[in-house]
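Undergrad: Let me see the structure of the following:
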Amino acid sequence: MEIQHQTVFLAFGGFAMRTFKRILGLSLLTLGLFTMGAGMGAAQSQEVAIDGDHGKLSAVIQRPAGKTEYPLVIIMHGFMANKERPLLTKLADDLEKDGIASIRFDFNGQGQSEGRFQDMTVVNEIEDAKAVYAYARKLPGVTSIALAGHSQGGVVASMTAGELGTQKVKALVLMAPAAVLREDAIRGQIFGVHYDPLNPPEIIDVRDHKVGAAYVKTAQTLPIYETASQYQGPAYMIHGTGDVIAPYTYSLRYQRIYFNGKVHLIDGEDHTFSHDTDGAAKDAADFFKEILK
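TA: Coordinates of the predicted model:
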């Protein structure tokens, strides 16, 4: 992610300025702050490691400028992805501008997190998400927590919200939620790779990744909508009608299980919102701004 730095002009004398630079440099190295936020009113971005289901999870916290209290959104990436995807970083930046903090993180075995991709399942990604939620609740200044997820991350976000319950999750955004993953596992296919669904191999090679049999077996019986429906707070689904990976009808089904659910269908947009990534991110951020502030 390209970090936007703010230049701060201070009226220091020569010696004081040199001292200031030395202190600032040390702070950046030891605290992992990528913006000059501490005590200066600028936004803060901080890298942290969170204990997850299969080891340490790499995460980035973004906090809005000039605020000591704020709502926070946990942002979840999709299958074979990571927290630095443009859609997710843009969402975090838009939330920050709206006075909302965020944590985006890599699930186990992906991005910079520990673990093996072949051990990843939707079930242990839900455990990762709940670990990040527990971490976020302990952060000073956090007034409420919402969840957002793209693709498989949308499925994980929806099921995590269901397991945590309406009282603990303030709002939910699902971006192209890939609830198709259960049907794909039953049919024996994943990203164009076919296998015997009744006897899946221990390892399935998919686009330079190794998918484990446990992923398939757990996906085949995953109670996606049954679990997700236990959450009944504000929910917003964003989906492109041109999505051939996870058709938009899966968002329509989510809408049917949520009493407070709305769907925005984007004509012709694909699974990654590549035609207007910024627009999709802003759409999600605007929903959170309306609900959380």
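
Undergrad: got a pLDDT number for Gln44?
TA: With respect to pLDDT, Gln44 has a value of 83.

Undergrad: you'd agree it is up against Val60?
TA: No - using CB atoms under 8 Å as the test, Gln44 is too far from Val60 to be in contact (10.6 Å). Just so you know, the C-beta spots here come from the backbone N, C-alpha and C atoms, and that holds for glycine as well.

Undergrad: Tell me which of these two has more neighbours.
TA: Relative neighbour count places Val60 above the other of Gln44 and Val60, with 23 against 19, counting by other CB atoms under 10 Å.

Undergrad: Correct me if wrong, but Ala214 is in a helix.
TA: Yes - in this structure, Ala214 lies within a helix as judged by DSSP: H, G, I helix; E, B strand; the rest coil.

Undergrad: which ones are touching it?
TA: For Ala214, the set of contacting residues under the criterion of CB atoms under 8 Å, 6 or more residues apart in numbering consists of 119, 121.

Undergrad: Nearest residue to Arg137 in space, ignoring adjacent ones along the chain?
TA: Counting by CB to CB, 6 or more residues apart in numbering, the nearest residue to Arg137 once its immediate chain neighbours are dropped is Ile145, at 6.8 Å.

Undergrad: residues near that neighbour, how many?
TA: Taking other CB under 10 Å as the definition, Ile145 ends up with a neighbour count of 22.

Undergrad: Torsion angles phi and psi at it?
TA: As for Ile145, its main-chain torsions (degrees, to the nearest 10) stand at phi -130, psi 130.

Undergrad: Could you verify my assumption that it touches Ala171?
TA: No - in this structure, Ile145 is not within contact of Ala171 by CB under 8 Å, at 9.1 Å.

Undergrad: re the thing from before, the residue nearest to Arg137 and Arg187: what is the separation?
TA: Ile145 sits 35 Å away from Arg187, going by CB to CB, to the nearest Å.

Undergrad: And Gln46, by the same measure?
TA: Gln46 is 42 Å from Arg187, by CB to CB.

Undergrad: do Met76 as well
TA: Taking CB to CB as the criterion, Met76 is separated from Arg187 by 25 Å.

Undergrad: With neighbour numbers in mind, choose between those two.
TA: Residue environment comparison for Met76 versus Arg187 gives the larger neighbour count to Met76, 31 against 13, counting by other CB under 10 Å.

Undergrad: what bridges to that one?
TA: The residues paired with Met76 through beta bridges, assigned by DSSP bridges, are Phe105, Gly149.

Undergrad: got the contact list for it?
TA: For Met76, the contact set (CB under 8 Å, 6+ apart) comprises 104-105, 107, 125, 129, 147-150, 153-154, 156-157.

Undergrad: In terms of pLDDT, where does it sit?
TA: Met76 is assigned a predicted lDDT (pLDDT) of 99.

Undergrad: Please renumber the chain so that the first residue is 18 from this point on.
TA: Sure thing, new numbering starts at 18, so read that last one as Met93.

Undergrad: Just list the residues touching Pro194, thanks.
TA: In this structure, Pro194 makes contact with 166, 168, 171-172, 174-175, 254, 256, 263, 267-268, 271, judged by CB under 8 Å, 6+ apart.

Undergrad: Mind giving me the packing neighbours of the helix or strand Gly179 falls within?
TA: Gly179 is part of helix 169-181 when elements are defined by DSSP states H and E. Contacts defined by 3 or more CB pairs under 8 Å, 6 or more residues apart in numbering; DSSP states H and E place helix 169-181 against strand 87-93, helix 139-154, strand 159-167, strand 189-192, helix 241-245.

Undergrad: partners of the shortest one, with directions?
TA: What it means is strand 189-192. When pairing is defined by DSSP bridges, strand 189-192 lines up against strand 159-167 (parallel), strand 252-257 (parallel).

Undergrad: pLDDT averaged over that strand - what is it?
TA: Strand 189-192 carries an average pLDDT of 99.

Undergrad: Got phi/psi on Gly72?
TA: For Gly72, the backbone dihedrals (degrees, to the nearest 10) come out as phi 120, psi -170.
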